[in-house]
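1. Quick one: sequence plus predicted model below, questions after.
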2 protein chains.
Amino acid sequence: MPEPVSIIGASGALGFGLAVRLARAGGEVVIGSRDVVRAEEAVERARELVPEGVFSGARNDDAAAASELVILCVPFRNQSETLHNLRDILRPGQLVVDTTVPLAAAVGGKATRTLGVWQGSAAQQAQEMVPDGVNVVSALHTISAKSLRDLGERLDEDVLLAGDIRADKARVAALLGAIEGLRCVDCGRLEMARLTEQLTALMISINVRYKAHAGVKITGLPDELWPPAMAGTP
Amino acid sequence: MPEPVSIIGASGALGFGLAVRLARAGGEVVIGSRDVVRAEEAVERARELVPEGVFSGARNDDAAAASELVILCVPFRNQSETLHNLRDILRPGQLVVDTTVPLAAAVGGKATRTLGVWQGSAAQQAQEMVPDGVNVVSALHTISAKSLRDLGERLDEDVLLAGDIRADKARVAALLGAIEGLRCVDCGRLEMARLTEQLTALMISINVRYKAHAGVKITGLPDELWPPAMAGTP
C-alpha cells in the first residue's frame, strides 16, 4: 500500500490523475488546490471515480503540511510562486516530488518546445527554493495525465526518476510502483531532470502525430530495478 | 531489403554496429572512415560477422559520394570538420541521417551531460552545414552501439526520428525498420532533435546504474506507425 501523500495542484490534470490512481492502490491522498472549494470539488470528483478511496481536500499550504511526502503538480508558470508560498510550511525531512515541466507554453509558446531554466531544470529550481533539509525527486514527466485519469486504461510504462539521494528515489519508486502498470527507473542525479523534463515536449509531439497518449519504457534493464546494481552512485 | 547506404565513420562503434545490422538485413553498405586502410579493416571485421554481407570500404569523402542515403556516425567533436570536408561532395537530393550526440565528453566532460549547440542540436548544425537540397533526418540516439554490434542480441526497441520532411522520415523508417527488432517513431520536426539527442546521455546514466544497454520504447502508439495519422504535420 502506498504511503500517504499530499498533492499540490491536484485539481489540475496530472495531479488529479495521480490522486485517483494512488487512492485506487490504497493510498491516502490529500488533494491540494489554491482554493479550498476547488479542492473539495476535486475530492468529490475523485470519490466518484474511486468510491473506496481515502481523500481529503485542503488549500495547498495546509496540504503541504499534512504529509511527509508532497507531490508538486503545478504548471511551470506557477511553480516558483507556489514554492515561495510554501517556504515557511515545508519542513526538514519532507520529500518533494517535482513533476513540473518548463514547456514554452508557459509563456505562450509551443507545448513541443521548452524553456531554459537558470538552474538547469524545474526540479533543480525546486531544490533551490525548498527549505534546507527538504529533498527533491523529479518524476512523472512521461506519464499522460489523461491515461492516469482514465482508470479503465491499462498502464504499462515507466516513470523516470532523478534525485541526489538513493533512499529518496527508492521511496518514490515504492510509492509510484504501487500503481498498477507503472515501473520506476533510476535515471541518476537530480541534474538528469534536465533531460527527463524535456520528454514531456517529446511525448506531446508524438501524440500530435499519432493521436496517442504516448509513454516511455526503458528496454534492456534487469528484472529487479531497486536498488540499482551500482551502489555508491546517487 | 534496405536501400544501399554509406556510413561515414563506420569504423566507430555505432557506425560499425549499424553496418553489420543493415548488411544482415540484406542492405549494401559502404563503410567509410577517415583512412581507407581503417575502412578496409572494418570491412574485414564486418565480413567475419556477416559473411553474406555486401560491404565495401572507402575514405569518408568517397563513401559520401557513393550512396543516395548517407549516415553520419562521427563523434560530436568531429562532426563540424567532417561536414566541412564533405561540402563539395554531398549533392542535392541526397539524404543525410545524423546520429551525432553533443555529449560533454567531447570537451572532456561527463558522458551523462550534454553541450549546448548554437543551432539547437547537432542535427540542426548538420542541416546548416550540408549543401542546399540535402535534407537531414536525426536518428538512432537511444540505440546501444554494443547491442547493434552483438548480432546475437535480440533487439526490441524504438528509433526516434526527427526531420522536416515527412517522406524523408518514412524513407529512414523503412531503412532502419528493416533491422529486426527496431521500430521507427516519428517525433516531429528536425528541431525535436534537441530532445532526442539528449537521450544518449540519459541512456548512459541509466546504463551506469543498471549495468545495462538501455534503449527506449514508446508506449501507447497505434500498430501502424507509417505514415503517421496526422497528415500535414512535418
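-> Alright, I've got the coordinates. Numbers count the residues shown, from 1 in each chain, chains lettered A, B, ... in the order given.
2. ok, now which ones touch residue A:50?
-> Contacts of residue A:50 were listed using Cβ atoms under 8 Å, 6 or more residues apart in numbering or on different chains, and they are A:20, A:23-24, A:151. (Each C-beta comes from the backbone N, C-alpha and C, glycine too.)
3. gap between it and chain B?
-> Applying Cβ to the nearest Cβ, to the nearest Å, one obtains 22 Å for the distance of residue A:50 from chain B.
4. Could you do residue A:4 as well?
-> Spatial separation of residue A:4 from chain B under the definition Cβ to the nearest Cβ is 28 Å.
5. cool, and residue A:148?
-> The value you get for residue A:148 to chain B, if Cβ to the nearest Cβ is used, is 12 Å.
6. contacting residues for the residue positioned nearest the centre of chain A?
-> For chain A, the residue sitting closest to the mean C-alpha position, by Cα atoms, centre = their mean, is residue A:99 at 3.9 Å. Remark: with contacts taken as Cβ under 8 Å, 6+ apart, residue A:99 is in contact with A:14, A:71-73, A:138-141.
7. Confirm that residue A:162 sits in a helix.
-> No - remark: residue A:162 does not belong to a helix; assigned using DSSP: H, G, I helix; E, B strand; the rest coil, it is strand.
8. so it bridges to which residues?
-> Beta-bridge pairing for residue A:162 (DSSP bridges): residue A:138.
9. Who are the contact partners of it?
-> The contact partners of residue A:162, taken as Cβ under 8 Å, 6+ apart, are A:123, A:137-139, A:169, A:187-193, A:196.
10. Show me where chain A has its helices.
-> Read by DSSP state H, chain A holds these helices, from start to end of the chain: A:13-24, A:36-49, A:60-66, A:76-85, A:122-129, A:145-149, A:166-177, A:193-196, A:198-210.
11. any chance of the ones you listed in CSV, plus mean pLDDT and mean neighbour count?
-> Conversion of those to CSV gives the following (pLDDT from 0 to 100; neighbours: other Cβ atoms under 10 Å in any protein chain shown):
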stretch, mean pLDDT, mean neighbour count
helix A:13-24, 98, 24
helix A:36-49, 98, 17
helix A:60-66, 98, 21
helix A:76-85, 97, 18
helix A:122-129, 98, 23
helix A:145-149, 97, 19
helix A:166-177, 97, 20
helix A:193-196, 98, 28
helix A:198-210, 97, 23
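12. now for those helices, which one comes closest to residue B:213?
-> Across those, the minimum distance to residue B:213, taken as Cβ to Cβ, is reached by helix A:193-196, at 18.0 Å.
13. hang on, the earlier thing: next one: the residue nearest to the centre of chain A relative to residue B:146, how far apart?
-> In this structure, residue A:99 lies at 33 Å from residue B:146, with Cβ to Cβ, to the nearest Å as the measure.
14. Residue A:37 too?
-> 56 Å.
15. cool, residue A:151 as well?
-> Computed as Cβ to Cβ, the residue A:151 to residue B:146 distance reads 40 Å.
16. Quick check: closest non-adjacent residue to residue A:229.
-> Computed as Cβ to Cβ, 6 or more residues apart in numbering or on different chains, the closest residue to residue A:229 that is not its neighbour in sequence is residue B:211, at 5.2 Å.
17. To clarify, my last question referred to residue A:216.
-> For residue A:216, the spatially nearest residue (Cβ to Cβ, 6+ apart) is residue A:142, at 4.3 Å.
18. follow-up on the earlier one: can you lay out the contacts of residue A:162 as a markdown table showing distance to residue A:64?
-> Supplementary listing: those in a markdown table, determined by distance: Cβ to Cβ, whole Å:
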| residue | distance to residue A:64 |
| --- | --- |
| A:123 | 17 |
| A:137 | 16 |
| A:138 | 18 |
| A:139 | 17 |
| A:169 | 21 |
| A:187 | 26 |
| A:188 | 27 |
| A:189 | 25 |
| A:190 | 20 |
| A:191 | 25 |
| A:192 | 25 |
| A:193 | 20 |
| A:196 | 23 |
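19. for these, which one is nearest chain B?
-> Distances from the contacts of residue A:162 to chain B were compared by Cβ to the nearest Cβ; the smallest belongs to residue A:188, at 3.8 Å.
20. Could you report the pLDDT at that closest one?
-> According to the model's per-residue confidence, residue A:188 sits at a pLDDT of 97.
21. Check whether it really touches residue B:209, as I assumed.
-> Yes - when contacts are counted by Cβ atoms under 8 Å, residue A:188 is listed as touching residue B:209 (6.7 Å).
22. of all the contacts of residue A:50, which two lie farthest apart?
-> Pairwise distances across the contacts of residue A:50 (Cβ to Cβ) peak at 10.1 Å, for the pair A:23 and A:151.
23. pretty sure residue A:212 is touching residue B:221, no?
-> Yes - with the criterion set as Cβ under 8 Å, residue A:212 and residue B:221 qualify as a contacting pair; they are 5.2 Å apart.
24. Now for those two: what residues contact both?
-> Shared contacts of residue A:212 and residue B:221, defined by Cβ under 8 Å, 6+ apart, comprise residue A:206.
25. burial of residue A:74, as a residue count?
-> Residues near residue A:74, counting by other Cβ atoms under 10 Å in any protein chain shown, number 24.
26. and the gap between it and chain B?
-> Distance, residue A:74 to chain B, using Cβ to the nearest Cβ: 22 Å.
27. got a list of what that residue touches?
-> With contacts defined as Cβ under 8 Å, 6+ apart, the neighbours of residue A:74 are A:8-9, A:12, A:15, A:82, A:100.
28. if you set the cut-off to 10 Å instead, what comes out?
-> Shown here is residue A:74, whose contacts under the criterion Cβ atoms under 10 Å, 6 or more residues apart in numbering or on different chains are A:8-10, A:12, A:14-15, A:32-34, A:60, A:80-83, A:98-100.
29. Could you check the pLDDT of it?
-> In this prediction, residue A:74 has a pLDDT value of 97.
30. Can you verify my assumption that residue A:126 contacts residue A:138?
-> Yes - proximity of residue A:126 to residue A:138 meets the contact threshold set by Cβ atoms under 10 Å, at 8.2 Å.
31. Any chance you could list residues touching both of those two?
-> Where contact means Cβ under 10 Å, 6+ apart, the residues bridging residue A:126 and residue A:138 through contact with each are A:96-100, A:190, A:193.
32. Dump these to TSV, plus distance to residue A:178.
-> Shown next, in TSV, are the shared contacts of residue A:126 and residue A:138 (distance: Cβ to Cβ, whole Å):
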residue	distance to residue A:178
A:96	19
A:97	14
A:98	19
A:99	17
A:100	22
A:190	23
A:193	22
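33. Which of those are buried, as a ChimeraX select command?
-> Typed into ChimeraX, the next command selects the buried ones out of the shared contacts of residue A:126 and residue A:138 (criterion: 16 or more other Cβ atoms under 10 Å in any protein chain shown):
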select /A:96,97,98,99,100,190,193
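34. from the shared contacts of residue A:126 and residue A:138, which ones fall inside strands?
-> Assigned to strands by DSSP state E, the following of these qualify: A:96-98.
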